[in-house]
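Visitor: attaching a predicted model along with its sequence, questions to come.
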Amino acid sequence: MNVYIKLKSVGKRRPVLESVPYDLPEGISTLRQLIGALVLQEVEKYNSRGLENMLVPFLTAAEISEKSAVGKISFGRIYSDRQADADKAVENALQCFEDGLFRVLINDREIVDLDGTLIIHDNDILTFVRLTFLAGRLW
């Protein structure tokens, strides 16, 4: 199933990143399963990027310009040989959702129940809004 994912972060100058196409596995029926599937895909991408995957050992002028617009110029390399733990990453993402650190919307409709029935169609737009605390103390 093909969907598009948008990431938003409250308070950023560029609050919206373009929609990124994702291929979801079939059978996702809850938000818990959706978050788990997306995190597993991202962990797999992270773990597959290794020290040897650098084909061009320098940045082109276009890449430097593009990265400077985002605010961080880097080669995108991972200098550690440690692999991400998929189970811990999924557990962390679910805890972050429960703690209210991000919200999930499907076609501009907020999903609040991790275990409620979820219906996702091809070409739906999933939006993840990362929330940040204001200055001050939480308690």
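Guide: Right, received. Where do you want to start? Note that this is a predicted model, so its numbers are computed, not measured.
Visitor: C-alpha only now, for contacts and for neighbours.
Guide: Will do.
Visitor: contacts for the lengthiest strand in the chain next, please.
Guide: Criterion DSSP state E: the longest strand present in the chain is strand 2-9. Residues from elsewhere that reach strand 2-9 (Cα atoms under 8 Å, 6 or more residues apart in numbering): 15-24, 121-132.
Visitor: rerun at 7 Å
Guide: 15-24, 122-131 (Cα atoms under 7 Å, 6 or more residues apart in numbering).
Visitor: the strands in this structure, which residues?
Guide: 2-9, 20-23, 102-106, 109-111, 125-130.
Visitor: buried ones among the contacts of strand 2-9?
Guide: Neighbour counting with 16 or more other Cα atoms under 10 Å marks 24, 124-130 as buried within the contacts of strand 2-9.
Visitor: so which of the strands of the chain is nearest residue 38?
Guide: strand 20-23 (8.7 Å; Cα to Cα).
Visitor: okay, helices next: where are they in this protein?
Guide: 31-48, 61-70, 86-98 (DSSP state H).
Visitor: in the last one, what's buried?
Guide: The one in question is helix 86-98. So for helix 86-98, counting by 16+ other Cα under 10 Å, buried means 86, 89-90, 93-94, 97.
Visitor: again, but for the first one
Guide: Residues of helix 31-48 classed as buried: 31-41, 43, 47 (neighbour count, 16+ other Cα under 10 Å).
Visitor: let me know which of the strands of the chain is the nearest to residue 70.
Guide: Closest among those, using Cα to Cα: strand 2-9, at 13.3 Å.
Visitor: what angle do strand 102-106 and that closest one make with each other?
Guide: Calculated by axes from the mean of the first three to the mean of the last three Cα atoms, to 10 degrees, strand 2-9 forms an angle of 140 degrees with strand 102-106.
Visitor: buried ones in strand 2-9?
Guide: 3-9.
Visitor: which residues of the protein score low on pLDDT?
Guide: Applying pLDDT under 70 to the chain picks out residues 9-17, 50-59, 74-80, 133-139.
Visitor: 50 instead?
Guide: 51 (pLDDT under 50).
Visitor: hmm, back to that, can you list the buried ones among the contacts of strand 2-9 in CSV and add distance to residue 72?
Guide: Shown next, in CSV, are the buried ones among the contacts of strand 2-9 (distance: Cα to Cα, whole Å):
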residue, distance to residue 72
24, 29
124, 30
125, 27
126, 26
127, 23
128, 22
129, 21
130, 19
